[in-house]
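Colleague: structure, please.
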Amino acid sequence: MCEIVTIFSLYGSFKIDRKIRRLLRYSINEPHGYGIIVIYGDNTVEVWKTMDKEKMKKKIRQLENKKLRFLLVHGRLATSGKINLVNCHPFILRNCITCHNGFIHDLNLNSVYCDTYLFSLIIDNLIEREEDIGSILELIEKNNIGLFVLFLPKKRKFYFLQSSFAWYRLAKRDNIVIISKYIHGLCFRKIEVTIEDKKICYRNIDSVLSPFLYNIKSVNDEERIIFDLR
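Modeller: Below is the predicted model:
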């Protein structure tokens with residue numbers, strides 16, 4: 001499966017430090033394509049992706065010298081569709097930008113496009129028709145196994161939707177919030193992140209944030225924990 005790491009600053013900006021660099025390494029180590037969504041300190045938004053690992057490493061090094069407000073890094077491990085730039089996350093569509101770690105079920109697949117790309121086309125079409133966002137989120141939750149990220153640039157909102165089979169956690173350290181599999185933190189079902197001019201707000205829009213979504217006694221937790229942000 002893929003890897004996603006998200007970091008954002010509630011107020012002001014942040015820079016990539018040693019601990020964040022270690023987290024990003026897990027996404028960069030995936031073999032089938034790389035992408036980022038970044039919001040700089042001046043509120044410029046950049047979406048970028050490549051198939052070349054060395055170019056991705058160079059991009060991260062360039063970002064280390066920048067003031068950032070929001071950073072999402074995706075590394076692809078292909079489970080469907082061809083291994084090419086078209087199937088590399090994030091997917092930039094007319095009304096939304098998406099990325100995903102997991103599987104989409106109840107979807108007719110083909111050998112060309114990956115499941116997330118095909119599903120994202122459906123989501124984009126619903127947004128084009130001005131369908132209620134609540135209904136769109138319910139559709140994602142119904143079909144998603146893993147972590148699905150939906151970005152609506154016009155509304156300046158991100159939605160992080162996690163199924164019970166995903167391991168992602170949310171943790172806050174001072175002014176920084178991180179969403180990753182590789183941290184101690186709180187599990188969640190559905191998080192809304194709003195990008196305002198001078199601050200970034202997040203809120204849980206489903207069940208109460210809890211230490212675990214499921215019993216993980218069978219999981220060797222030490223292999224996927226790098227540092228504790230609490």
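
Colleague: residue contacts, Y11?
Modeller: Neighbouring residues of Y11 by CB atoms under 8 Å, 6 or more residues apart in numbering: 175, 198-200. C-beta here means a position set from N, CA and C on the backbone, and glycine is covered the same way.

Colleague: ramachandran angles for it?
Modeller: Main-chain torsions, Y11, degrees, to the nearest 10: phi -130, psi 140.

Colleague: give me the buried subset of the contacts of Y11.
Modeller: I200 (16 or more other CB atoms under 10 Å).

Colleague: ok, of the contacts of Y11, which one's closest to G35?
Modeller: Closest approach between the contacts of Y11 and G35, by CB to CB: I200, at 20.3 Å.

Colleague: isn't that closest one up against L10?
Modeller: Yes - contact criterion CB atoms under 8 Å: I200 and L10 qualify, at 5.7 Å.

Colleague: returning to that earlier point: from the contacts of Y11, which two are the most distant?
Modeller: Taking CB to CB, no two of the contacts of Y11 sit farther apart than N175 and K198, at 12.6 Å.

Colleague: L137 - that's part of a helix, no?
Modeller: Yes - counting by DSSP: H, G, I helix; E, B strand; the rest coil, L137 is part of a helix.

Colleague: got the contact list for it?
Modeller: L137 neighbours (CB under 8 Å, 6+ apart): 150, 159, 161, 190.

Colleague: buried ones in whichever helix in the chain runs longest, by neighbour count?
Modeller: The single longest helix within the chain, with elements called by DSSP state H, is helix 115-128. Within helix 115-128, the residues scored as buried using 16+ other CB under 10 Å are 115-120, 123-124, 126-127.

Colleague: can you put the residues you listed in a markdown table and add distance to A171 and pLDDT?
Modeller: Output for the buried residues of helix 115-128, formatted as a markdown table (distance: CB to CB, whole Å; pLDDT from 0 to 100):
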| residue | distance to A171 | pLDDT |
| --- | --- | --- |
| D115 | 29 | 92 |
| T116 | 25 | 94 |
| Y117 | 30 | 94 |
| L118 | 32 | 93 |
| F119 | 28 | 95 |
| S120 | 28 | 96 |
| I123 | 28 | 97 |
| D124 | 31 | 97 |
| L126 | 32 | 97 |
| I127 | 30 | 97 |
